[in-house]
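Colleague: I'd like to go over a predicted model; first the sequence, then the structure.
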Amino acid sequence: MGSVLNGTINDGYNGLLGWFWAACSVASIALVALTRAALRERQYSAVMAATGLLYLAILIAFGMDLVARATLA
């Protein structure tokens, strides 16, 4: 994806898919960090929040995979 970001590989959207992939990777890392922070609490609601945040991180990571496959196909 670095090649898409620097313009070596054309994604057909003027680099938008590369930047979308980069934003998704940053968001996924942030969600995993928030999940770890939520799990430090010892309440049931914190565990439920951590589960939801982790589901969102998984969905975003799956979207990153789809964008990379669409760009490099």
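Modeller: Arrived safely, thanks for sending.

Colleague: contacts, neighbours, all on C-alpha from now
Modeller: Noted.

Colleague: Tell me which stretches of this structure form helices.
Modeller: With DSSP state H, the ranges of helices along the chain come out as 2-6, 16-38, 44-72.

Colleague: can you redo the ones you listed as CSV with mean pLDDT and mean neighbour count?
Modeller: Output for the helices of the chain, formatted as CSV (pLDDT from 0 to 100; neighbours: other Cα atoms under 10 Å):
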stretch, mean pLDDT, mean neighbour count
helix 2-6, 80, 14
helix 16-38, 90, 17
helix 44-72, 89, 16
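
Colleague: M1 against G18, yeah?
Modeller: Yes. Counting by Cα atoms under 8 Å, G18 is a contact partner of M1 at 6.4 Å.

Colleague: Skip the chain neighbours and tell me the closest residue to S28.
Modeller: Setting aside the residues directly before and after it, S28 is nearest to A57 in space (Cα to Cα, 6 or more residues apart in numbering), at 4.9 Å.

Colleague: Spit out the contact partners of that neighbour.
Modeller: Contact analysis of A57 by Cα atoms under 8 Å, 6 or more residues apart in numbering lists A27, S28, I29, L31, V32.

Colleague: need the contact list for the third one.
Modeller: Residues in contact with I29 (Cα under 8 Å, 6+ apart) are A57.

Colleague: Compute the distance between it and M64, please.
Modeller: I29 sits 12 Å away from M64, going by Cα to Cα, to the nearest Å.

Colleague: do the same with the last one
Modeller: Using Cα to Cα, one obtains 15 Å as the distance from V32 to M64.

Colleague: ditto for the fourth one
Modeller: L31 is 14 Å from M64, where distance means Cα to Cα.

Colleague: One more: V47?
Modeller: 26 Å.

Colleague: cool, and W19?
Modeller: 11 Å.

Colleague: Which residues are in contact with each of those two?
Modeller: Joint contacts of W19 and M64 (Cα under 8 Å, 6+ apart) do not exist.
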